[in-house]
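A.B. asks: just coords:
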């Protein structure tokens with residue numbers, strides 16, 4: 001039930017940014033590979049997936065706001081009861097530092113709310129932490145279509161209070177531009 005509540009809150013926040021002057025410019029899906037580091041190194045690498053919205057420019061022409069929701073599962077190979085689903089609600093800022101052409105490199109950062117759902121059979125443990133992501137990548141426009149591709153690499157601080165809970169992600173996304 002809490003997962004559904006978090007998803008509804010996230011969608012309300014995304015819709016809340018839409019007004020008569022600001023509408024989503026694109027909606028996309030992304031997926032990739034997550035490699036836990038530091039204190040999470042006992043967990044296996046995992047696949048991730050998510051959805052993102054390109055809300056357009058903010059303040060300057062080359063700064064985009066792209067909120068997103070994503071999910072991956074951390075599993076400990078030594079302990080079958082030690083698995084956790086990590087749901088992230090992200091508020092990302094993408095800076096296209098070489099303008100927005102058919103190939104547009106970017107760097108960025110974004111605060112995140114990471115929600116943990118532990119898969120322990122005995123209890124229904126849940127937790128959440130504030131985190132931050134640092135990322136870089138490329139946007140590719142697919143000529144003659146409303147589609148674009150995104151390739152990105154992320155360094156995730158899952159908990160900013162405990163800076164040793166980190167992960168690296170490599171993602172590939174496709175978006176439909178309105």
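C.D. replies: Happy to help now that I have it. This is a predicted model, so every value here is computed, not measured.

A.B. asks: where exactly do the helices run in the protein?
C.D. replies: For the chain, applying DSSP state H gives helices covering 2-16.

A.B. asks: shaky segments in it?
C.D. replies: Residue ranges of the chain with pLDDT under 70: 1-23, 120-124.

A.B. asks: Show me the strands in it, by range?
C.D. replies: For the chain, strands defined by DSSP state E occupy the ranges 26-38, 46-54, 57-58, 60-75, 83-95, 103-118, 126-141, 147-157, 165-177.

A.B. asks: Including mean neighbour count, could the ones you listed go into CSV?
C.D. replies: For glycine as for every other residue, the C-beta is placed from the backbone atoms N, C-alpha and C. Compiled in CSV, the strands of the chain are given as follows (neighbours: other CB atoms under 10 Å):
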stretch, mean neighbour count
strand 26-38, 17
strand 46-54, 19
strand 57-58, 14
strand 60-75, 19
strand 83-95, 20
strand 103-118, 18
strand 126-141, 17
strand 147-157, 19
strand 165-177, 18
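
A.B. asks: Against residue 160, how distant is the closest residue to residue 128 other than its chain neighbours?
C.D. replies: Nearest residue to residue 128 in three dimensions, chain neighbours excluded: residue 115, at 4.7 Å (CB to CB, 6 or more residues apart in numbering). Plainly put, residue 115 is 15 Å away from residue 160 if you go by CB to CB, to the nearest Å.
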